[in-house]
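Visitor: I need the structure of the sequence given here:
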Amino acid sequence: MKKIIYFTLTLSAVICMIAACRKMDTPYKEYVVTGGLVYPGKPIVLARSGKNRIQIVWPKGVDKSVVKAKVYWNSFADSIVVDVASTPGDTIKVMVDDLQEKSYTFVIRTLDSQGNMSVPAEITGGSYGERYQSQLLTRPVNSTLINAAGKLTINWGGADVANGAYASEVKYTDNLGTVKTQVFPVIANKTEIKTTEITDMLANTNYQFRTLFRPDSLSLDKFYTGYTNGGLFSIDKRDWKVVSYSSQHSAGENAAANMIDGTELCNCPIG
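Guide: Next up is the predicted model:
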């Protein structure tokens, strides 16, 4: 008897719950769209800065329904339509050219063949130009040494790393008479490199140098300072030897044996 009563009470409770749920659903039925709303995949976007341009990059993703994308900027005043379906590879790259030098916010929305649009994705990127270029400073050369074997050693001063300096470029004529260019990084393994060696520069010639900049690590374009001449060389006498000298000034600091002991360097104009 007790089992029958418990079963009757449980069944009654379930019926009441179902009825209550139906009543709760009733106010929302008029707002439900048949088949539901469809949102194409939202892109994961990257912005690469450049010289009066910005490149917008994102992977195609796994949503095969996406056929187009719209890229907006300048508060939706400007836009580009991208044909995603016909773009080869697995990455979409959109170049926005002829930009003024400032920061831009881009809004990207993907579309399927039915015109359904994804949730917007936003990304901010910078366009650089003459104003940035005018602020760039050439990394100075503290000294230049040349030894008896013709090895050139450039001792660098501090680089404007905070503004994007990442390398020094040296142009010179090699032993075969060919104009050559070498690029030396400013920093390696998180340590600033302060010395550069060149072993094949033609005798009695000079070199030129300039500094390379990137506004940020993702920048499309490089910026350069103007070339500067190498200037005076110092003769590195550390590998010289005194093979003969007279008895004059045979003692003290003026002794002939101390003439090329490496404590002083001879500054000589080259080229």
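Visitor: now stretch 124-141: mean pLDDT?
Guide: On average, the pLDDT along stretch 124-141 is 97.
Visitor: Mind listing what's buried along it?
Guide: Buried residues in stretch 124-141, counting neighbours by 16 or more other Cβ atoms under 10 Å, are found at Gly125, Gly126, Ser127, Tyr128, Gly129, Tyr132, Leu136, Thr138, Arg139, Val141. (Glycine included, C-beta is placed from N, CA and C.)
Visitor: Then stretch 157-170?
Guide: Using 16+ other Cβ under 10 Å as the test for burial, stretch 157-170 gives Ala159, Asp160, Gly164, Ala165, Tyr166, Ala167, Ser168, Glu169, Val170.
Visitor: Can I take it that the first one is in a strand?
Guide: No: remark: Ala159 does not belong to a strand; assigned using DSSP: H, G, I helix; E, B strand; the rest coil, it is coil.
Visitor: pretty sure it is touching Glu192, no?
Guide: Yes: shown here, Ala159 and Glu192 form a contact pair, counting by Cβ atoms under 8 Å, at 7.0 Å.
Visitor: what's the helix or strand harbouring Trp58 packed up against?
Guide: Using DSSP states H and E, Trp58 sits within strand 54-59. Counting contacts by 3 or more Cβ pairs under 8 Å, 6 or more residues apart in numbering; DSSP states H and E, strand 54-59 packs against strand 46-51, strand 91-96, strand 103-112, strand 121-128.
Visitor: Can I get the ones you listed in JSON lines including distance to Ile146?
Guide: Converted to JSON lines, these look like this (distance: least, Cβ to Cβ, whole Å):
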{"stretch": "strand 46-51", "distance to Ile146": "37"}
{"stretch": "strand 91-96", "distance to Ile146": "46"}
{"stretch": "strand 103-112", "distance to Ile146": "46"}
{"stretch": "strand 121-128", "distance to Ile146": "38"}
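Visitor: closest to Ile44 among the buried residues of stretch 124-141?
Guide: Comparing the buried residues of stretch 124-141 against Ile44 with Cβ to Cβ places Gly125 closest, at 14.9 Å.
Visitor: Need the phi and psi values for Ala85.
Guide: Per-residue torsions, Ala85: phi -60, psi -40 (degrees, to the nearest 10).
Visitor: Look up the pLDDT of it for me, please.
Guide: 90.
Visitor: Not counting its neighbours along the chain, what's nearest it?
Guide: Val67 (4.3 Å; Cβ to Cβ, 6 or more residues apart in numbering).
Visitor: Would you check how far apart that neighbour and Gly41 are?
Guide: 12 Å (Cβ to Cβ, to the nearest Å).
Visitor: Following element in sequence after the one helix or strand Thr196 maps to, please.
Guide: Element membership of Thr196 [criterion: DSSP H and E] is strand 195-198. The helix or strand immediately downstream of strand 195-198 is strand 208-213, counting by DSSP H and E.
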